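J.: how would this look folded up:
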Amino acid sequence: MGKSSQDPLPSGKRRLKGDIRLKSKLLVLAAVILFVWFFGKNIAGSAKQIGDSAGQQVASSSQDSAVSGQQEEANFLSGPLASLEQILFNSAQGAIDLSADDATENADLVFFQENSLVGVTSPNPSDGSAFNRFSKELKTYVVQLGDNPEIIGAKFGISADTILWTNNLKDGDLIHPGDKLIILPINGIRVKISAKDTISSLAKKYQGKADEIIAFNELPDSGVLKAGDYIIIPGGEPAATVSPKSSSPKVSAPKYASSTKKASSWLIFPTTGYDWGIIHSYNGVDVANTCGTPIYAAAAGRVILADASGWNGGYGKYIKIQHSNGVVTLYGHATQLLVSQGEQVAQGQLIAYMGTTGNSTGCHLHFEVRGASNPLAGGVRVVK
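T.: Numbering: from 1, shown residues only. This is a model prediction of the structure:
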């Protein structure tokens, strides 16, 4: 047939355009092959599908890796987006900055166990070196249209409570475009030293820790203070005041979970909410929900630590439970602890309420499993 009257390009230009398209396809294919080669067997199953669609043969990984990849993909796709929006945005405290969560994510040595990354050397929450990455300087922020304390806190990696406390605001107070707010470099409070203050008295009054106050403010070991100076108390809270509603339990909960949904052969899900499924810190995974959401013991055991004061290396208020098989589970960033060290707890027993203490920008549970795989790791999902 003759050349169509609707064809605006000469044959040479059509050929050039076709060559460009072909080269583009080849470049895309090359990028896919490089991507598969770089990441190896973890995505071999998915890479094989991409390679097949492009008419190329990609070497497959082991059968176990392929099955694992398919399961992770299924978990990722199964999470209902409507539930995600409901959980994260019904609460103004829903935003979480995973990159800032938990200063203890740099374990000295790690290895893979089943589906989880497990640290060989346990991080030490009381180690003052955890503060080295924080600036000691205050910042001033000018409120923009559409801002609220949660949004501003997320921008700077601190909680809305810290924004409120530092600027003498209460939950529900209005902020307006043009207002200037003081921004702390870490969650906690800033206090002015009086003549009678000591490190110990300030730690007790504001629920901090003496060694953390000294380390963060780079004070001499003697802890000598100068009246009139300001210091920051990491993880501190206002004295003799009720915390803002955003961090206090909104509802009471029964002592035992009404249902115990299995997360693995021996662990139950410790809470409800949006499971990010991303391993970080010491084999930990975050589950986001509103502050005050009940947290339950994932298995029966003995409480070997229940610390309700201080920054604690980023964990904030947290609990550690040792189980009969030697595995330890950790529950971080709580707003209130309901058990004490040495106490025996049953599986499904209420142990704390979800919060945003420590190194956290929004309400969530940081759940670690030390000595076994973390069943919350893998694809993102909503836990009900």
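J.: Any regions of the stretch 201-350 of the chain where pLDDT drops low?
T.: Within the stretch 201-350 of the chain, the stretches with pLDDT under 70 are 240-251.
J.: quick one: the strands in it?
T.: With strands called from DSSP state E, counting those that start in this stretch, the stretch 201-350 of the chain shows them at 230-234, 273-275, 284-288, 294-296, 301-307, 317-322, 328-337, 344-345, 350-354.
J.: all helices of the stretch 201-350 of the chain, in order?
T.: 210-216 (DSSP state H, counting those that start in this stretch).
J.: about what we covered before: redo the strands of the stretch 201-350 of the chain as JSON lines? Include mean neighbour count.
T.: All C-beta atoms are positioned from the backbone trio N, CA, C, and that covers glycine. Output for the strands of the stretch 201-350 of the chain, formatted as JSON lines (neighbours: other CB atoms under 10 Å):
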{"stretch": "strand 230-234", "mean neighbour count": "21"}
{"stretch": "strand 273-275", "mean neighbour count": "24"}
{"stretch": "strand 284-288", "mean neighbour count": "25"}
{"stretch": "strand 294-296", "mean neighbour count": "25"}
{"stretch": "strand 301-307", "mean neighbour count": "18"}
{"stretch": "strand 317-322", "mean neighbour count": "23"}
{"stretch": "strand 328-337", "mean neighbour count": "24"}
{"stretch": "strand 344-345", "mean neighbour count": "15"}
{"stretch": "strand 350-354", "mean neighbour count": "25"}
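J.: Could you dump the ones you listed into JSON lines with distance to residue 376 added?
T.: Formatted as JSON lines, these follow (distance: least, CB to CB, whole Å):
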{"stretch": "strand 230-234", "distance to residue 376": "27"}
{"stretch": "strand 273-275", "distance to residue 376": "5"}
{"stretch": "strand 284-288", "distance to residue 376": "4"}
{"stretch": "strand 294-296", "distance to residue 376": "13"}
{"stretch": "strand 301-307", "distance to residue 376": "18"}
{"stretch": "strand 317-322", "distance to residue 376": "16"}
{"stretch": "strand 328-337", "distance to residue 376": "11"}
{"stretch": "strand 344-345", "distance to residue 376": "19"}
{"stretch": "strand 350-354", "distance to residue 376": "14"}
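J.: Show me how the record splits the chain into domains.
T.: 14-78, 82-125+248-383, 128-242 (automatic domain parsing).
J.: closest one to residue 168 among the strands of the stretch 201-350 of the chain?
T.: strand 230-234 (14.0 Å; CB to CB).
J.: and the closest one, which strands flank it?
T.: strand 188-192 (antiparallel) (DSSP bridges).
J.: Thought residue 177 was touching residue 145, still the case?
T.: Yes: here residue 145 lies in contact with residue 177, judged by CB atoms under 8 Å, at a distance of 4.8 Å.
J.: Quick check on those two: which one has the bigger neighbour count.
T.: Between residue 145 and residue 177, counted using other CB atoms under 10 Å, the more crowded position is residue 177 (10 against 7).
J.: need the contact list for the nearest residue to residue 200 once chain neighbours are set aside.
T.: Spatial nearest neighbour of residue 200, excluding adjacent residues (CB to CB, 6 or more residues apart in numbering): residue 210 at 5.6 Å. Taking CB atoms under 8 Å, 6 or more residues apart in numbering, we find residue 210 in contact with 199, 200, 203, 223.
J.: Tell me which two of those sit farthest apart.
T.: Longest span within those, CB to CB: 203 and 223, 9.8 Å.
J.: Looking at the two, which is more packed in?
T.: Using other CB under 10 Å, the more surrounded residue of residue 203 and residue 223 is residue 203, with 21 against 16.
J.: Done for today, thanks.
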